[in-house]
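J.: sequence unknown, structure follows:
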DNA sequence: GTAGTTATTGCAAGAACTTGCAATAAGGGT
DNA sequence: ACCCTTATTGCAAGTTCTTGCAATAACTAC
């Protein structure tokens, strides 16, 4: 778990506090390696910190997202799913089997610039989830 | 309401049925002109068809989506929001105020082709929701 | 170390969403 | 016009997510 405590100074310098709850949730995300639904994060966190509550999990995930430590993406059912923040990337989810692959952010750089020019919006930076049909399912 | 019944043959030809519930929900979507949360759709539908239930609304929205009559997009809180299907477009939602604008699909054509080549996935066609900061909020 | 400030949590209640199953009613066939 | 099949709904219960507020505990300053 100690591996997540490196985030503490980062939070403190912005006037926030590192708590055992945040530490545990960061730890869960770090070891998941993939997207996790809030429900699943809650379950795993409770193994390490039995007293943690559901509202805290939801609020913490939102907090970590706002502070750039976690990244949300959309599940195929429209709910958020979270993973630890690392280099920007996106996903393509197969409509048929649900399998997904990553897409490097580089492929979207141009688009983002175009959008900012066309719309006047700034700091466009969402994690995107595309829907498609994967090669396997396409040939079946 | 009769304006929505034109969808009936389309459904029947695929082995589905047109029901008063589906008609009412289509009607609500047609007159909204914008995205509506399931909750709001339920409220409005109940004004025309008091007996309609919440599960029916959720199931109908999913059904309409699968059959191309409605289009879901993501609200800034990660939940689905629905609108009547029309020409392809996407949205940019402001992280600060929640306001949103449309983006023509044309701007993304190139990207979709690039992604299909790079990934091997076919029929990539999701409605995308970008997050950014709108001009108003950026200057505040 | 100790005390004070206030960000953060837990609690409790409520709202939003989902699921299984029996009852209903849409549409095809006669 | 009526019956039959089965897609669709309503009901009821369950799960997931949200919100307000009082209690707690992390950090700062002394």
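T.: Perfect, I can see it now. As the structure is a prediction and not an experimental result, all values here were calculated from the model. Numbering: from 1, shown residues only, chains lettered A, B, ... in the order given.
J.: who in chain A is up against DNA strand C?
T.: Within chain A, the positions near DNA strand C by CB under 7 Å from any atom of the strand are A:11, A:15-17, A:19, A:21-22, A:51-53, A:55-56, A:59-60, A:63, A:77-78. For glycine as for every other residue, the C-beta is placed from the backbone atoms N, C-alpha and C.
J.: center of chain A - which residue?
T.: Closest residue to the average C-alpha location of chain A: residue A:71 at 2.7 Å, with CA atoms, centre = their mean.
J.: can you confirm that one is in a strand?
T.: Yes - counting by DSSP: H, G, I helix; E, B strand; the rest coil, residue A:71 is part of a strand.
J.: leaving out the residues flanking it, which one is nearest to it?
T.: Nearest residue to residue A:71, sequence neighbours excluded (CB to CB, 6 or more residues apart in numbering or on different chains): residue A:85, at 4.8 Å.
J.: same deal with residue A:88?
T.: Nearest non-adjacent residue to residue A:88 (CB to CB, 6+ apart): residue A:105, at 3.6 Å.
J.: ok, residue A:30 next?
T.: residue A:84 (5.2 Å).
J.: cool, and residue A:37?
T.: Nearest to residue A:37 is residue A:81, by CB to CB, 6+ apart, at 5.4 Å.
J.: separation between residue A:105 and residue A:81?
T.: Distance from residue A:105 to residue A:81, counting by CB to CB, to the nearest Å: 18 Å.
J.: neighbour count: these two, which is higher?
T.: Neighbour count, other CB atoms under 10 Å in any protein chain shown: between residue A:105 and residue A:81, residue A:81 has more, with 23 against 15.
J.: that's a strand at that one, yeah?
T.: Yes - Residue A:81 sits within a strand when classified using three-state DSSP.
J.: pull the contacting residues for it.
T.: A:35-37, A:72-75 (CB atoms under 8 Å, 6 or more residues apart in numbering or on different chains).
J.: now for those residues: which two are most distant?
T.: Greatest spacing in those, by CB to CB: A:36 and A:74 (13.6 Å).
J.: quick one, which of those two is more surrounded?
T.: Taking other CB under 10 Å, residue A:36 and residue A:74 do not tie; residue A:74 has more neighbours (25 against 21).
J.: ok, what's across the strand from that one?
T.: Counting by DSSP bridges, residue A:74 forms beta bridges with residue A:80.
J.: my guess is it contacts residue B:78. True?
T.: Yes - using CB atoms under 8 Å, residue A:74 is in contact with residue B:78, at 6.6 Å.
J.: overlap of the contact sets of those two?
T.: Shared contacts of residue A:74 and residue B:78 (CB under 8 Å, 6+ apart): residue A:80.
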